[in-house]
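# Can you look at this prediction? I've put the sequence above it.
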Amino acid sequence: MVDTAQKNLRRIRKYTLHIGLPQTAAIATWTAVGALLIHREATRAFLTVAAIAVFTGLLALSIIDAYTHRVPRYVTGLMIVTGTPTIVLDAIWHWDPTDLLRGVAGAVALFVVYYLISAVSRGGFGKGDVMLAPSVGLLLAYRGWDVLIRGTVYTFVLAGVVSAVLLAMRALDRRDRIAFVPYIATGAFISFLV
């Protein structure tokens, strides 16, 4: 795991990440606002902690993916290690085994959907995106099937609309790869809060 983290850090250093004080302040502000919104929406403390862990990881991965087109496994693993136990604690604390089973089923379902898309897209949808599915699917499905379905639909609609606009503006070519994690993060976040 440490070796993988070091390899990813070397890859990231190859790119010029212009993250100065204004960008850092914007990221910190977005994280704080997101945490407050999540806390306002999630009336359960453990669920709030899980949501903050998952969405903070998604924010970090969105930035990394946008610059490098890579989704480091150690960040994904950290999301799973922090998000999953707190959701389980929430289910135990409130004795909601049905919600927990739905969350696990949602994690598996989203993983299968992403895996199938990855298999047919011939490199357009990476393994890193697929590995995000369990933590995102668990969090969204734990709140409800409708939340998971909306989050998935929002993700692909956002990606499609933005890609279509970029293609129309000729800022993107059909062969260009797009960073998909920002769309996963945005779709999941909107769905979680709506």
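Okay, I see it. Fair warning: this is a prediction, and the values are worked out from it, not measured in the lab.
# Does residue 186 touch residue 157 like I think?
No. Residue 186 lies out of contact with residue 157 (C-beta atoms under 8 Å); the separation is 10.4 Å. Glycine gets a C-beta too; all of them are placed from N, C-alpha and C.
# who's more crowded, the two?
Between residue 186 and residue 157, residue 186 has the larger neighbour count (other C-beta atoms under 10 Å), namely 18 against 12.
# residues in contact with the residue nearest to residue 139 when sequence neighbours are not counted?
Spatial nearest neighbour of residue 139, excluding adjacent residues (C-beta to C-beta, 6 or more residues apart in numbering): residue 54 at 5.1 Å. If you count contacts by C-beta atoms under 8 Å, 6 or more residues apart in numbering, residue 54 has them with 79, 83, 135-136, 139, 188.
# can you check residue 147 too?
Contacts here follow C-beta under 8 Å, 6+ apart; on that basis residue 147 touches 140-141, 191-192.
# Work out for me the element it sits within.
Using DSSP states H and E, residue 147 falls within helix 145-168.
# The helix or strand harbouring residue 49: what's the following helix or strand?
Under the criterion of DSSP H and E, residue 49 resides in helix 45-68. Beyond helix 45-68 on the C-terminal side, the first helix or strand identified by DSSP H and E is helix 73-93.
# okay, the angle between that following helix and helix 45-68?
160 degrees (axes from the mean of the first three to the mean of the last three C-alpha atoms, to 10 degrees).
# what packs against helix 73-93?
helix 2-14, helix 45-68, helix 97-121, helix 127-143 (3 or more C-beta pairs under 8 Å, 6 or more residues apart in numbering; DSSP states H and E).
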